[in-house]
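> this one's structure only:
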């Protein structure tokens, strides 16, 4: 019998939801122009956006909802070039308390008592 593929030990803190939320972003340490973006995916603890600007991993972002008076800070945790070569995809973690998205997230599919229930590949 062939060996089963090894599963990554990396777990997500919360489930991801595909949702477009209009935002504007800027780096908190520069006086750059605010860029309008939309989320591609969100989670309780962060999200993913597509942007024209390059933000270094570890950069702190100011994030504001375009249609509401809500804002938060986020840290870039990964960045890659878009498939079309124009712009970037950025994953960020929210630095402030959860609740920025105003979304009721479903319960996580894994727990500390059974950490193999939800792993990423």
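Great, that's in hand. Computed from a prediction, not measured in an experiment: that's the story for all the values here. Residues are numbered from 1 along each chain as shown.
> Show me where this protein has its strands.
If you assign secondary structure with DSSP state E, the strands in the chain sit at 16-18, 22-27, 35-43, 46-51, 60-65, 71-81, 88-94.
> Could you tell me which strands the fourth one is paired with, and in which direction each runs?
According to DSSP bridges, strand 46-51 forms sheet pairs with strand 35-43 (antiparallel), strand 88-94 (antiparallel).
> From what I see, residue 56 and residue 76 are in contact.
Yes. When contacts are counted by CB atoms under 8 Å, residue 56 is listed as touching residue 76 (6.7 Å). C-betas here are computed from N, CA, C, even on glycine.
> which of those two has more neighbours?
More crowded of residue 56 and residue 76, by other CB atoms under 10 Å: residue 76, with 20 against 8.
> I'd say that one and residue 58 touch.
Yes. Applying CB under 8 Å as the test, residue 76 and residue 58 come out as touching, 6.4 Å apart.
> how long is stretch 60-77 from one end to the other?
In terms of CA to CA, to the nearest Å, the two terminal residues of stretch 60-77 are separated by 10 Å.
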